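*Asks:* Any chance you could fold what I've pasted below:
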Amino acid sequence: MPNVTRGDRMGGLLSYLAGEGRRNEHTEPHLVNGDSATYTFYGDAELDRATALAIARDLDEPRTAFGVEVAGGHVWHCSLSLRAVEGQLSDEQWSAIAQQFVDRMGFTEASGKAQCRWVAVRHGLSARGNDHIHVAVNLIREDGTKASIHHDYSRAQKVARELEQEHGLQVLESRGSDMALRGERPGERASAERRGEQTVASVRLERTVRAAAAASTDEAEFVRRLHQSGAIARPRFAADRDDVVAGYSVALRPKPGEPIVWYGGGRLARDLTLPRLRQGWPDTPASAQAAVDEWRATWRNPLRYTPVAPGREQHEPGPDLWREYTDDVAALREQLRGVDPRDRATWAQAARETSGAFAAWSQRLETEPGPLADAARTLARTAQIRARDTAPRGTHALRSIAGVASLMAMASTGGRGTMAEAMLFRQLMRTAQAIHDMHRAVEESRQAAQIRNALGVRLDAVRERLPELVPAAPVGPETEAVQRATSGSALARPGSPLPTPLQPHRPTTPTARPAQPERGSER
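*Replies:* Now for the predicted structure:
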C-alpha cells in the first residue's frame, strides 16, 4: 500500500524516521537499501539522529551543489506497507522490493537517466501492526536535472500492484484489480476471537464456497452444498425480478443471539462471483429454473432452508468413481503439458478446480483451515485473472475434475485414509506441480515458491494419514530467480558504490556559500 507525500526538508524526514515515532512505535531504525554510495557508506546499522542528519545532507547534496529547486518540494517520500495479517518480511526481501520500486518509478539509472539519491528505512511495525518501509528520494538527479513526478501517485499504485503479484503478497482490493484474494476487514479478527475461532469469517467462507463450487455440477447443487457445509446463503435478485438471480451472499451460521454477517461472493474472491462460477456450469432453461427454485427456498428463510430437489450431494460415491476421477486428474495433468504458460485463462481453470479439490478435502478434515486450506488458497491465487483474460488463447478443452471435490468431501475424518485417497492425492499434487512449473516458466518465481512451500512440509500431516506415504512431487532444481525470491536477497545494485563527482553546470559567484566538501571527507 503506497502512500506518497512531498516536502522540502530531507533532514526533518530522516530525523522522524530515525526517531521514536508519534507513539514510540519505532524500533531499531535502519537502512535496508539506498543508492549505491549512500548504502555502502552507512550500511544497515541502527540509526541515531546524528547519522540520520548526515544521510539527509548527503541525499540533499545534488540540490545544494546545483542550486536547483523543485516546485512543491524536492523530497519525495513514499511508505510501502503490508497488511497486518501478512506478517513481516525480512530485510533482504524489503531491500529487493525497495530497489525494484525506485527502478520502476524512474528514480535510478535503470531509467536511462542519471540516478536520484535515495534510501529505504525500516523501523519496525506501525502502531496498527503493519510491516512497512519508507523510501526517501531527492528529486534532483546527480547531473542536476529533475526527476519526473508526473502521475507519480497512479504510477506508484501500478508498481505496487506489480510487486504484490511478483512477490506473492496480498493484492489491495481498492486498486480495482481482478487479482485479489480478499483480506480481513476491520473488526473481523476481534469477531473471530469472540467466536473462539483462529481464522476470520471471510477466509473460512472462501474455503467453503470454493469447495462447494468445485464439487457442484450445476448452480442448484451449489446452493444445496453451501448449506450442507454449514454456511447459509441468500440470493440477490435482479431489479424488480424474483426469477433472475444476479448474485449471492453467504454467512457463517450464527450462534444463538449473534447477528448474521453476510459476505458477497465477490468480497471473498473475484473468481467466486456468480457470473464467474456460472462459466463452469451448464446454461439451460432446466438448470436455470432448478437454481432459481433453490435460491427462492433460501431467500424465504436462510436459517431453515430445506432443499427443493436433493441431488447427488446426498449420496456416498461408489468405489468405481474413485478410479474414474483419479484418471480424470491424471488426464488433466497430461493435457497441461501442451498448454502455453502464457495462456492464463486455461491455467486459471486448472488452478481453480485443483484448488477446489483441496478446499473440499480441507472442509472435511480440518476443523480450522490448515495445510489443505493453505494449499487451496495458494493455488487459488493463480485463478484470480482479469475479466478480459478469461478467454483461453488456445483451443484446449480441459478435462473437468469437478467430481474430485465431491469425492474429497467424503474423505475419512478419522484414522488412516484409503489407498484410493492416496492415489488421488498423488495425482492432485502432480497437477499442482504443473501449475508451479507454469509460474516458473513465465518467471513468476515468488508465486512458484509459494506453491512449492504450500505443497511441502505443511502437508506432511495429511500424507501420514494415507497408506504408503505418498511424497510430494519434487519441485526440481531452483533457478537463480526462485532462489532470490525465496531468500529475499536484493537484486544486484547497479552503479559504483563510490559517490558521483558533482559538476555544476552553472558558474557560482564568490559570494555564494562555501564549496561543498567531497562526500564523506569530513566524517
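*Asks:* Please make it C-alpha for all contacts and neighbour counts, starting now.
*Replies:* Fine.
*Asks:* Would you list the phi and psi of residue 135?
*Replies:* Per-residue torsions, residue 135: phi -110, psi 120 (degrees, to the nearest 10).
*Asks:* burial of it, as a residue count?
*Replies:* Per other CA atoms under 10 Å, the neighbour tally for residue 135 reads 23.
*Asks:* Contact partners for it?
*Replies:* Taking CA atoms under 8 Å, 6 or more residues apart in numbering, we find residue 135 in contact with 77, 78, 79, 80, 98, 118, 119, 120, 121.
*Asks:* Quick one: classify the fifth one as helix, strand or coil.
*Replies:* Same thing as residue 98. The assignment at residue 98 comes out as helix when based on DSSP: H, G, I helix; E, B strand; the rest coil.
*Asks:* how much space between it and residue 9?
*Replies:* Per CA to CA, to the nearest Å, residue 98 is found 21 Å from residue 9.
*Asks:* Compare those two and say which one has the larger neighbour count.
*Replies:* Neighbour totals were compared for residue 98 and residue 9, and residue 98 leads with 24 against 14 (other CA under 10 Å).
*Asks:* Look up how far residue 90 lies from that one.
*Replies:* From residue 98 to residue 90 the distance is 12 Å (CA to CA).
*Asks:* now do residue 210
*Replies:* 32 Å.
*Asks:* and what of residue 298?
*Replies:* 47 Å.
*Asks:* more crowded one of these two?
*Replies:* Taking neighbours as other CA under 10 Å, residue 298 and residue 90 compare with residue 298 leading, 23 against 12.
*Asks:* Secondary structure element for that one, which one?
*Replies:* helix 285-300 (DSSP states H and E).
*Asks:* on contacts alone, who are the packing partners of the helix or strand following that helix?
*Replies:* Counting by DSSP H and E, the next helix or strand C-terminal to helix 285-300 is helix 319-336. Contact here means 3 or more CA pairs under 8 Å, 6 or more residues apart in numbering; DSSP states H and E; on that basis helix 319-336 packs against helix 402-408, helix 419-441.
*Asks:* Quick one: those as TSV, columns for mean pLDDT too.
*Replies:* Formatted as TSV, the helices and strands packed on helix 319-336 follow (pLDDT from 0 to 100):
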stretch	mean pLDDT
helix 402-408	78
helix 419-441	86
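*Asks:* out of these, which comes closest to residue 33?
*Replies:* Of all the helices and strands packed on helix 319-336, helix 419-441 sits nearest to residue 33, with 26.9 Å by CA to CA.
*Asks:* Using CSV, list the CA coordinates for the closest one.
*Replies:* Taking Å, rounded to 0.1, in the frame of the first residue of the first chain, the C-alpha atoms of helix 419-441 are listed here in CSV:
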residue,chain,number,x,y,z
MET,A,419,-5.5,-46.4,-0.9
ALA,A,420,-7.9,-44.7,-3.3
GLU,A,421,-7.4,-41.4,-1.4
ALA,A,422,-3.7,-41.8,-1.6
MET,A,423,-3.7,-42.3,-5.3
LEU,A,424,-6.0,-39.3,-5.8
PHE,A,425,-3.9,-37.2,-3.5
ARG,A,426,-0.7,-38.1,-5.6
GLN,A,427,-2.4,-37.0,-8.8
LEU,A,428,-3.6,-33.7,-7.3
MET,A,429,-0.1,-33.0,-6.1
ARG,A,430,1.3,-33.6,-9.6
THR,A,431,-1.3,-31.3,-11.1
ALA,A,432,-0.3,-28.6,-8.6
GLN,A,433,3.3,-29.2,-9.6
ALA,A,434,2.3,-28.5,-13.2
ILE,A,435,0.9,-25.1,-12.1
HIS,A,436,4.1,-24.4,-10.2
ASP,A,437,6.1,-25.1,-13.3
MET,A,438,3.9,-22.7,-15.3
HIS,A,439,4.8,-19.9,-12.9
ARG,A,440,8.5,-20.7,-13.2
ALA,A,441,8.2,-20.7,-17.0
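*Asks:* Let me see the mean pLDDT of the next helix-or-strand element following it.
*Replies:* Later in the chain than helix 419-441, the nearest helix or strand by DSSP H and E is helix 445-454. The average pLDDT for helix 445-454 rounds to 80.
*Asks:* in helix 445-454, what's buried?
*Replies:* Using 16 or more other CA atoms under 10 Å as the test for burial, helix 445-454 gives 445, 446, 447, 448, 449, 450, 451, 452, 453, 454.
*Asks:* Could you single out the nearest of those residues to residue 160?
*Replies:* Nearest to residue 160 out of these is residue 446 (CA to CA; 14.9 Å).
*Asks:* Please report how far that closest one lies from residue 164.
*Replies:* 10 Å.
*Asks:* out of the contacts of residue 135, what pair is the most spread apart?
*Replies:* 80 and 118 (14.5 Å).
*Asks:* Give the residue from those two that has the larger number of neighbours.
*Replies:* The neighbour count for residue 80 versus residue 118, taken as other CA under 10 Å, is higher for residue 118 (30 against 21).
*Asks:* doesn't residue 59 make contact with the more buried one?
*Replies:* Yes - shown here, residue 118 and residue 59 form a contact pair, counting by CA atoms under 8 Å, at 6.6 Å.
*Asks:* Checking residue 39 next. Helix, strand or coil?
*Replies:* Looking at residue 39 with three-state DSSP, the answer is helix.
*Asks:* Look at it and report its pLDDT.
*Replies:* 86.
*Asks:* Run through who's touching stretch 12-20.
*Replies:* 26-27, 29-30, 47-49, 52-53, 55-56, 121, 123, 134.
*Asks:* Produce a PyMOL select command limited to the buried residues of these.
*Replies:* To isolate the buried members of the contacts of stretch 12-20 in PyMOL, using 16+ other CA under 10 Å:
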select buried, resi 26+27+29+30+47+48+52+53+55+56+121+123+134
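*Asks:* among the contacts of stretch 12-20, which two are most distant?
*Replies:* So, those by CA to CA: farthest apart are 27 and 56, at 19.8 Å.
*Asks:* Would you mind measuring from the nearest residue to residue 291 once chain neighbours are set aside to residue 315?
*Replies:* Excluding its sequence neighbours, the residue lying closest to residue 291 (CA to CA, 6 or more residues apart in numbering) is residue 220, at 4.1 Å. As for residue 220, its distance to residue 315 is 16 Å (criterion: CA to CA).
*Asks:* starting at the chain centroid, how far to stretch 428-446?
*Replies:* Averaging C-alpha positions (CA atoms, centre = their mean, to the nearest Å) puts stretch 428-446 16 Å from its chain's average.
*Asks:* Of all the residues in it, which ones are buried?
*Replies:* Those would be 428-440, 444-446, for stretch 428-446 by 16+ other CA under 10 Å.
*Asks:* No further questions, thank you.
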